[in-house]
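Enquirer: What follows is a predicted protein model with its sequence.
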Amino acid sequence: MARIAGVDIPKNKRGVISLTYIYGVGNSRAKEVLAKANVDESIKVQDWTDDQIANIREQVGTFTIEGELRTETRMNIKRLMDIGCYRGIRHRTSLPLRGQRTKNNSRTRKGKRKTVANKKKATK
């Protein structure tokens, strides 16, 4: 199993797919890394040579990935919450923040349904 950026990538998959196991590396960035490292996309990880792995490590190291990227994302969200902007408030209350409706959907953000009982009507 090859270890790149502190992540064990699967050796029985193609290079493009296995590089996406690294946080911050998607499909297009994986293709870019392999192109710059002069490695064919269709070759499986187990067939990579040590030189190819070293080149890939070098190319991946030029990007902000894994722990550093997670920290940066967390700090950006914390900044939004601290300044009290709309997006920060929506993060704080665990509601959708990109303009989606919440009357019917958004169960993932809101969580399990909380049933509220109706008020009893006053009798005359």
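Expert: Happy to help now that I have it. This structure is a prediction, so every number in the text was calculated from the model and none was measured.
Enquirer: Domain ranges for the chain, per the record?
Expert: 2-60, 89-119 (automatic domain parsing).
Enquirer: Which neighbouring elements make contact with the longest helix anywhere in the chain?
Expert: Of all the elements of type helix in the chain, the one with the most residues (DSSP state H) is helix 66-83. Applying 3 or more Cβ pairs under 8 Å, 6 or more residues apart in numbering; DSSP states H and E, one finds that helix 66-83 contacts helix 86-92. C-beta: built from backbone N, CA, C; applies to glycine.
Enquirer: so of the domains of the chain, which one's packed in deepest?
Expert: Sort these by mean neighbour count, taking mean count of other Cβ atoms under 10 Å, and domain 2-60 sits at the top with a mean of 16.
Enquirer: how far is it from where the chain is centred?
Expert: Mean-position distance between domain 2-60 and its chain equals 18 Å (Cα atoms, centre = their mean, to the nearest Å).
Enquirer: so where do the helices sit in the protein?
Expert: Using DSSP H, helices in the chain cover 15-19, 27-36, 50-60, 66-83, 86-92, 107-110.
Enquirer: Looking at those, which is nearest to Lys44?
Expert: Distance to Lys44, taken as Cβ to Cβ, is lowest for helix 15-19 among the helices of the chain, at 7.2 Å.
Enquirer: List the residues that contact Met75.
Expert: Going by Cβ atoms under 8 Å, 6 or more residues apart in numbering, Met75 touches no other residue.
Enquirer: how far away is it from Lys119?
Expert: Per Cβ to Cβ, to the nearest Å, Met75 is found 45 Å from Lys119.
Enquirer: Check Asn27 too.
Expert: Going from Asn27 to Lys119 by Cβ to Cβ gives 53 Å.
Enquirer: Quick one, which of the domains of the chain gets closest to Gly67.
Expert: Smallest distance to Gly67 across these (Cβ to Cβ): 7.8 Å, for domain 2-60.
Enquirer: Between the two ends of the closest one, how far is it?
Expert: Terminal residues of domain 2-60 are spaced 13 Å apart (Cα to Cα, to the nearest Å).
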